[in-house]
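Enquirer: here you go, sequence then predicted model.
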Amino acid sequence: MSPQQLVRPTRVKTALILLAVSLAVSVLTQAWKLSDAAQSGQMAIPELASKACITLSVTLITALFIRMIGQGRNWVRVLFLILFLLSFVSFVSSLISSPMQAFSVNPAAGLVNIAQMLLQGAAVVFLFQRSSSEWFLAMKAKRARPQEAGDKAPEREGDGKIIGPVEQREADL
């Protein structure tokens, strides 16, 4: 595996930026919706608190996914693809079944949802291009192989004491 394969490709970097922007837009949109609901009195305080906790949880999980994708975790990339496809099918089916409903209540929210789908779709395309896939495979191989000799982890003696290279040489004599 060449050192060049371990450098994060531009496509992955771009995908991470797109996902971060999408997440930021989502957080702002949800905060806006919760604020509107609170000001209009459409929801009681417990319901608002519940929706805020759900929004926070989803935001944290999404941020964790983005971080793990940035670390080269292929399974998270695949999971993100599956979740994106499920949400895309749901989004498109809701647009087909009632196209005006998405924009009649709040046209800005409808446009923001479309923008988020485009951002996430572009990120998925970038994450599954050849250079990205090669990088994810290289990162998986790097995690799977034993550490290099220079990076050798300290060994433990029978009593659990950590011994370094000097003590190891003395013990081998």
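Expert: Ah, there it is.
Enquirer: what's the helix or strand in which L85 is found packed up against?
Expert: Here L85, judged by DSSP states H and E, is contained in helix 74-97. If you count contacts as 3 or more CB pairs under 8 Å, 6 or more residues apart in numbering; DSSP states H and E, helix 74-97 packs onto helix 45-70, helix 101-104, helix 107-127, helix 130-144. C-betas here are computed from N, CA, C, even on glycine.
Enquirer: got the buried residues for it?
Expert: Buried residues in helix 74-97, counted by 16 or more other CB atoms under 10 Å: 74, 76-77, 80, 84, 95.
Enquirer: how many neighbouring residues does W135 have?
Expert: 22 (other CB atoms under 10 Å).
Enquirer: and it, what does it touch?
Expert: Going by CB atoms under 8 Å, 6 or more residues apart in numbering, W135 touches 5-9, 12, 72.
Enquirer: for those residues, which one is nearest K51?
Expert: Nearest to K51 among these, counting by CB to CB, is V12 at 32.9 Å.
Enquirer: count of neighbours near that closest one?
Expert: Neighbour count for V12, taken as other CB under 10 Å: 24.
Enquirer: verify the stated contact: it with E134.
Expert: No: when contacts are counted by CB atoms under 8 Å, V12 is not listed as touching E134 (10.4 Å).
Enquirer: residues near S22, how many?
Expert: S22 has 21 nearby residues by other CB under 10 Å.
Enquirer: the nearest residue to F126 once chain neighbours are set aside: which element?
Expert: Distance criterion CB to CB, 6 or more residues apart in numbering; nearest residue to F126, sequence neighbours excluded, is A15 at 3.9 Å. Using DSSP H and E, A15 falls within helix 10-40.
Enquirer: so where's the chain uncertain?
Expert: Applying pLDDT under 70 to the chain flags residues 1-5, 102-105, 146-173.
Enquirer: mind checking how far L137 is from R143?
Expert: Using CB to CB, to the nearest Å, L137 is found at 11 Å from R143.
Enquirer: what about P99, which SS state?
Expert: State at P99, reduced to three classes by DSSP: H, G, I helix; E, B strand; the rest coil: coil.
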